[in-house]
Each structure stands twice: as C-alpha cells, then as structure tokens.
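Chemist: got a predicted model here, sequence first, then my questions.
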Amino acid sequence: MSDERPTPTGLAGGSNLDQLMPVVLFFVLFNTIGIIWAVLAATAWSIKAAVGRRNRGLAIGWWLPSVTTYLLARAAVTIAADRELIDFGISTEAVYFGIGFATKFLIGVAVAVTILIGKPLLSWAIPKAVRLPQELLVDPRYTRTMANASWVIVFYLVLSAIWDVWLFNNSGFNLFFLARSGTNFVFAFICITGTLLYVDGKLKPIEGYPGLEKMLESAGRL
C-alpha cells in the first residue's frame, strides 16, 4: 500500500532575525517613543515573519490567518486601551502583556485537552513537518511518546505564564522585559533539548524510525 500522505515542506526558513526583531523593536521603541509604536512595530514584523515563512514554502495552512488575526486583535485592543476607548482599569502595558500571558496559559490548557482526549498535539503536528513512515505513526509507542512530549509543552506554557505574571507584577518594565526574554529562552531551550532526547530514546526501538538527526534535517533544523 503506497503512502499518499503529502510531503511535508518542513520548518526551514525560520529566521533567527525574525524571532529577535520583534523583541528588539518593542524594547527600543517603548523606551524611546512609547508603547503604541512599540506594539505596532513588533506586530508588523511578526506578521511579516509569518507571511515570509509561508512564502518560503512552509505549509502552515490555517496557522497564518490565525496568528495574523491574533496579533492584529491584540494590537487593536492595546491601542484602544491606550486611547481610553476601553477601560480595563489597568495600564496599557498590562493589557498588552496580559493578553499574551492569558494566551500562553490557554494554549497550554488546549494542548492538555488534546492529550486527555487521546490525540496529543505532537502526534499529529510532527508528521506535518517531518515525513515519517506509516508503520511508525500507527505504533502505540509513538502515540504514547508524543503524549508525554506534549505534556512538556503544557508544563512549559503554564509554568512560564505564571512566571511572566509574577515577574510583571514584581519588577520594573525593563527588568521584566529583559528577564522574561532571557529566562523564557533558557527554559524553552532546556525543555526542547530534553524532549528531543527523550523522544529519540523512546522511538529508536520502533521499526522505521529514521533517527533524531534525520528528523531534524527533514525539518530544516540542521
């Protein structure tokens, strides 16, 4: 039986610059002009990066319009709060970052739900980026491994959201922004590295598993 699944286009083209520039733009413009220009610049660059990924061949489907809509809505609510068109009773900064905190937490909850209903996020998301043999995808060990790996995502998102809220409430803006960016990067690196090693170790005994290096090459990460 032939495998007629579409060939994934991988994750290639994810630019480090596209990940860094929204952070830099927001920090610089917030401290020189104000939050509105910081929000507009960071939002514009993030949308440009998302469109660029699609143009470079990444099959992101519904992801692009969803992310674009979210970024525009977040910016619009922030601007409305700054112009006092909407009164949340908190600062504009709290509105902007609060939306991000809540989004991160809710995504973590959503990932947990995918695991609890037996369709863990990573079990169906990874094959969209990496071409894997069908015998691997139907093996119960694959689903079990991806469920455990998806729990790491839940752990990261929920814990980092709690940390973000605490840091925002207990530090000045510049300290919050820099500390949040740094600690989230380190925490994410540790979680990703540990999860990759775990997945590699668990999937090695399964026939058809190409190995971690091949998977990363297929995804455009090596």
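Modeler: Done, it's in.

Chemist: list the contacts for residue 22?
Modeler: 41, 42, 43, 45, 46, 49 (C-beta atoms under 8 Å, 6 or more residues apart in numbering). Glycine gets a C-beta too; all of them are placed from N, C-alpha and C.

Chemist: could you report the distance from the closest residue to the last one other than its chain neighbours to residue 194?
Modeler: Which is residue 49. Leaving out its chain neighbours, the residue that sits closest to residue 49 by C-beta to C-beta, 6 or more residues apart in numbering is residue 18, at 3.6 Å. For residue 18, the distance to residue 194 equals 25 Å [C-beta to C-beta, to the nearest Å].

Chemist: between those two, which has more neighbouring residues?
Modeler: residue 18 (16 against 12; other C-beta atoms under 10 Å).

Chemist: correct me if wrong: the more buried one contacts residue 52.
Modeler: Yes: Residue 18 is within contact range of residue 52, at 6.8 Å (criterion: C-beta atoms under 8 Å).

Chemist: returning to what we had before: name the next helix or strand downstream of the strand or helix carrying the residue nearest to residue 49, please.
Modeler: In this assignment (DSSP states H and E), residue 18 forms part of helix 16-32. The first helix or strand that comes after helix 16-32 along the chain, using DSSP H and E, is helix 35-55.

Chemist: now do that following helix and helix 16-32, the angle between them.
Modeler: Relative orientation of helix 35-55 versus helix 16-32 (axes from the mean of the first three to the mean of the last three C-alpha atoms, to 10 degrees): 170 degrees.

Chemist: who does helix 35-55 touch, helix- and strand-wise?
Modeler: Under the contact definition 3 or more C-beta pairs under 8 Å, 6 or more residues apart in numbering; DSSP states H and E, helix 35-55 sits against helix 16-32, helix 63-82, helix 92-116.

Chemist: quick one, which of these is nearest to residue 182?
Modeler: Closest to residue 182 of the helices and strands packed on helix 35-55 is helix 16-32 (C-beta to C-beta; 10.5 Å).
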